[in-house]
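Enquirer: Kindly generate the corresponding structure for this input.
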Amino acid sequence: MKTVSFTLNGIVQHWEVADGETLLSSLRRQGFFGVKFGGCENGECGACTVLLDGNPVNSCSLLTVQVEGRNIQTIEGMGEHPDQGWKKTAGLHPIQKALVESGAIQCGYCTPAFALAAKALLEKNPYPSESEVREAIAGILCRCTGYLKPVQAILKAASVLRGEKGEEGDVEEDSGLPLPMNWPAGTDGQPSTGAGSDIPQTVTLTRRKVFMPLMVETPEIRQKGLSRVGKPELKVDAIKLVQGKPAFAADIEKRGMLIAKVLHSPVAHARIKHIDLSKARALPGVAAVLCYKDIPRVVYSTAGQSDPIPGPLDTFSLDSKVRFVGDRVAFVAAETEEIAEQALKLIEVEYEPLPAILDARDAMKTDAPIIHDEPEYVNFADSNPHKNLAAQIHIDIGDVEKGFKEADRIYEAEYVVPKVQQAHIEPHVVVTYWDEDDRLVIRTSTQVPFHVRRILAPVLGLPVKRIRVIKPRIGGGFGGKQEVLIEDVAAHLTIATGRPVIYEYTREEEFIAARSRHPMRIRMKTGVKLDGTITANEMRVLSDTGAYGCHGLTVTGNTGHKSMALYVGDGPYRKSPNIRFYADVVYTNTPPAGAYRGYGVPQGFWPVERHMERISRDLGLDPIAFRLKNAIREGELHPFSTAWSEGREPRPEIIQTVGLEECVRQGKALIGWDQKFGNPEWHRVEGKPHLRRGIGVALVMQGTAIPYLDMGGASIKMNDDGSFNLLVGATDLGTGSDTVLAQMAAEVLGVPVEDILVYSSDTDFTPFDKGAYASSTTYISGAAVVKAAEEVAEKIKKRAARMIKERYSEIEVTPEDILLEDRKAMAPGGQFVTLAEVALNALHHTDQEQIMGIGSYYSPVSPPPFAAQFAEVTVDVETGQVTVDRLVMAVDSGVIVNPVTASGQIEGGMTQALGYAVCEEMVYDKEGRAREKDLVDYHIFRANEMPQLETVFIQTYEPSHPFGVKAVAEIPMDGVAPAVGNAVFDACGADIFENPITPERLWRALKAKQSFTGN
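Expert: Model (predicted):
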């Protein structure tokens, strides 16, 4: 140990540290949790950024002994809440304020790093350009925001620090935008197809405030006169996140907490012949070492889904067989990370290698090795482990063969989509401990706390009532944390030792041992008449679920359910579409696939939208008109609603709102489609004959929750001062769901959002919620919140009416007359009592009661959001390099509750999807070893690499929800890749069947251009 003296946030420190301890570890050990661990070892994520003598550095790459005599600043020293009771402070730093006001904070995990990097920049350069801001924060990866709002915030803060006038909420005029005010429908120069005939003939584009997206409203929405819903309210958790408060799962101190590590398999398929733990157990500082012999053998599924889980039970916490490189072999708990790592090296394992399946096309061959031969395996539906079949789907709608016979041309092609990683910046992390009542507490970064409790109870040998799951703030999830992935590791070790345990993935573990998007091979076959009418559409899928079947059935079902439902045909085919969707979901000896934002739908739209583009061009049809001619419309039956419901009984569903045609019109105008598409001059880059420009489009639809299954609950109670506690089981991943749920409650109760105190996702105290997936929180949990708020409002109105009559004896007023507004309960004549007065009356004075309400909701429908995605690219035909210059997305997600947080969802989703389009993929060698193990080799976009991002919301009013909302979080994942693929085709005529569109793939396609014609 060595004493290191340095200045930290203006205070001289003297710390005892080990020679090899990093500054990140020292800071977090001392309680400075604003410095984040991103799982990396080379500083590639930047979440651990601190200022060293005013310059941003990665604290994970710096030894504490190196800061002797230096000056360190963390986010804790930057600014704080201005009002601390009788003590007042200077408040937040202008950079922090701008990050809050701009909506730049989503999950908030990288926010402290952004704030510190911005401070370093603005102290040196008070007048930065946008490109200089992007360069300054390029070392900090963000998977949530798309970087647009953080950049806007830093530029705003620079203006404030320079003393320039202008506050948040300043209005930017719309002049110069390609989207005019009061733009009549159908004036874009394209013939009307009749789609969307119920859309009003005049829509209005609202003016933009700073940080606000473009918003198209219908008169129905304007007439609602809402005061909180539809407004850019500040996120309820933004203040704590911008201060770096200890909000995340790992931001906790427990006396005697052990560090957990897992020994991962180095081979893809093998039996464990012999395992010796004795040397590891004998190592001083080791508290426990566990293998399959030490814990109960309980089969389960890691898929965080409702009961019964729609998939096979094929997993054990530890097994005598390993099924992929990275599978679990043993668990260790030790006093320090170094001791735990040393213990792993002392475990002796002898493997009996087995033949491995690394290509999904080999999985069902007659001589293929059986990956799951355990007798405990529990089938679900058509799973068959003897065929390496995790799931099988056969859906026929209409008469597909008849539709093909009636076609003038039939087009067939095979497409391939890759395995990709969620790459949330916060790694998976869990802390477990026994509480004072001998109940097991699991504090975890999960999207599905209630499912964690239910699934793990039998695995751990505990009843549900003795398990409490707490979901703190989550540093991004994107489906990757919809998995019961590591909670059992720490829990087993806490049971074994009786002590608190923390287990936190490294970045390498995220790649070799976590979940990913399912890679698929997809065969499309489409029958079309010469006028562009689709007569039949068929998709056949081979989906690779990896070593375990978690989410295999439901993800792959969604691949067809959403993408194949968009195009039903026209004329008689519209009333009776012909659609076939067949899928085999197979096991391989690769890391398991699972849930990833979009949940199978991005895999479906890559082939569908590439296929639609190629068909329209071969037939000489306008690609957008061809799509709209065949697209589903309002009032029509969702074609899959009678055939598929994620492994459960399907029920017919009519689609009530479709803003797709308006999305097309507005998106075309915003990107200048008519001026660019088919224009040879625009496609050329002057003076650079090796460059070609291209423009592409994709139309997409998603879903909103799982009908008759997803359920959310909420409870609201009134406090003495007229504020309210809102308790929801819903899980905010950075999506802003805590905020939008508070906005809905505030709308009903007539108070500002700051009067709604949100508590979410604690299985002991909050109502049940199925979790954050299927784009359902705003819709399902929001409806539950509205029901609870309406119950509270009814009680307030009843008491307020009586109080007003007592105070103003000359008037008659009924509860039905009372309006809740501006923290008051008002009679028609203007007489009122404040909500604080109502609360005191109820709690202390007359007929005392606790005013509270509960609500729960599940929906019989899943109203789809729709979108038109546009992309502009520049292609280098000599090297195959693709540069995406601009992405425009026009989205129908119903009523937008919070435009700033919703647009952040679109921007972040488009950025993730951009990686899917051009650079992200996970590749394995012939031994099943991963090529990508960190965020250097697996490249996600940085701030200085981004194209221009633009979002416009086409609001419709969905009648199945009290505020007319639909989903927004997943749909931005669906259209970017095919729109980019179509833009590349437009630029240079190269057909890409497999994404991502790497330079090598494009170069090869350019060298081997093929014609695409129907037979």
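Enquirer: How about the contacts made by the most centrally placed residue in the chain?
Expert: Note on the chain: the residue nearest the mean C-alpha position is residue 478, at 3.3 Å, using CA atoms, centre = their mean. By CB atoms under 8 Å, 6 or more residues apart in numbering, the contact list for residue 478 reads 143, 422, 424, 596, 597, 733, 912. Heads up, the C-betas are built off the backbone N, CA and C, glycines and all.
Enquirer: Please pick the buried ones from these.
Expert: Those of the contacts of residue 478 that meet the buried threshold are 143, 422, 424, 596, 597, 733, 912, by 16 or more other CB atoms under 10 Å.
Enquirer: For the first one, which three-state class applies?
Expert: Using DSSP: H, G, I helix; E, B strand; the rest coil as the criterion, the local structure at residue 143 reads coil.
Enquirer: The second one too?
Expert: With three-state DSSP as the basis, the three-state label of residue 422 is coil.
Enquirer: what's the distance between the residue sitting furthest away from the middle of the chain and residue 804?
Expert: In the chain, the residue that sits farthest from the middle, by CA atoms, centre = their mean, is residue 810; the gap is 56.1 Å. As judged by CB to CB, to the nearest Å, residue 810 and residue 804 stand 11 Å apart.
Enquirer: Now do the contacts for the nearest residue to residue 477 once chain neighbours are set aside.
Expert: Distances taken as CB to CB, 6 or more residues apart in numbering put residue 733 closest to residue 477, at 4.2 Å, once the chain neighbours are dropped. Residues near residue 733 by CB under 8 Å, 6+ apart: 107, 447, 474, 476, 477, 478, 481, 772.
Enquirer: pretty sure the last one is touching residue 734, no?
Expert: No: using CB atoms under 8 Å, residue 772 makes no contact with residue 734, being 9.9 Å away.
Enquirer: Common neighbours of those two, please.
Expert: Joint contacts of residue 772 and residue 734 (CB under 8 Å, 6+ apart) are residue 477.
Enquirer: Enumerate the positions of the longest helix along the chain that are buried.
Expert: The longest helix of the chain (DSSP state H) is helix 782-807. The neighbour-count check on helix 782-807 (16+ other CB under 10 Å) flags 782-793, 795-805 as buried.
Enquirer: Over to stretch 406-421?
Expert: Result for stretch 406-421 [16+ other CB under 10 Å]: buried residues 406-407, 409-411, 413, 415-421.
Enquirer: Pick the one among those residues closest to residue 95.
Expert: Proximity of the buried residues of stretch 406-421 to residue 95 (CB to CB) peaks at residue 421, which lies at 30.7 Å.
Enquirer: out of everything not next to it in sequence, what's closest to that closest one?
Expert: Closest to residue 421 by CB to CB, 6+ apart is residue 516, at 5.3 Å.
Enquirer: and what of residue 431?
Expert: residue 443 (4.4 Å).
Enquirer: where does the chain dip in pLDDT?
Expert: Counting by pLDDT under 70, the chain has low-confidence residues at 166-210, 647-648, 774, 1010-1015.
Enquirer: got the CA positions of stretch 862-882 in PDB?
Expert: This file holds the C-alpha atoms of stretch 862-882, laid out as PDB (Å, rounded to 0.1, in the frame of the first residue of the first chain):
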ATOM      1  CA  SER A 862     -51.600  -4.000 -29.900                       C
ATOM      2  CA  PRO A 863     -51.900  -0.800 -32.000                       C
ATOM      3  CA  PRO A 864     -49.000  -0.600 -34.400                       C
ATOM      4  CA  PRO A 865     -46.900   2.500 -34.800                       C
ATOM      5  CA  PHE A 866     -45.800   3.300 -38.300                       C
ATOM      6  CA  ALA A 867     -42.900   5.100 -39.800                       C
ATOM      7  CA  ALA A 868     -41.200   6.200 -43.000                       C
ATOM      8  CA  GLN A 869     -37.400   6.100 -42.900                       C
ATOM      9  CA  PHE A 870     -35.300   8.000 -45.400                       C
ATOM     10  CA  ALA A 871     -31.600   7.800 -45.800                       C
ATOM     11  CA  GLU A 872     -29.000   9.700 -47.900                       C
ATOM     12  CA  VAL A 873     -25.600   8.100 -48.500                       C
ATOM     13  CA  THR A 874     -22.400   8.700 -50.400                       C
ATOM     14  CA  VAL A 875     -20.700   5.600 -51.900                       C
ATOM     15  CA  ASP A 876     -17.000   5.300 -52.900                       C
ATOM     16  CA  VAL A 877     -17.300   2.900 -55.900                       C
ATOM     17  CA  GLU A 878     -13.500   2.300 -55.800                       C
ATOM     18  CA  THR A 879     -13.200   1.200 -52.200                       C
ATOM     19  CA  GLY A 880     -16.800   0.200 -51.300                       C
ATOM     20  CA  GLN A 881     -16.900   2.700 -48.400                       C
ATOM     21  CA  VAL A 882     -20.400   3.900 -47.500                       C
END
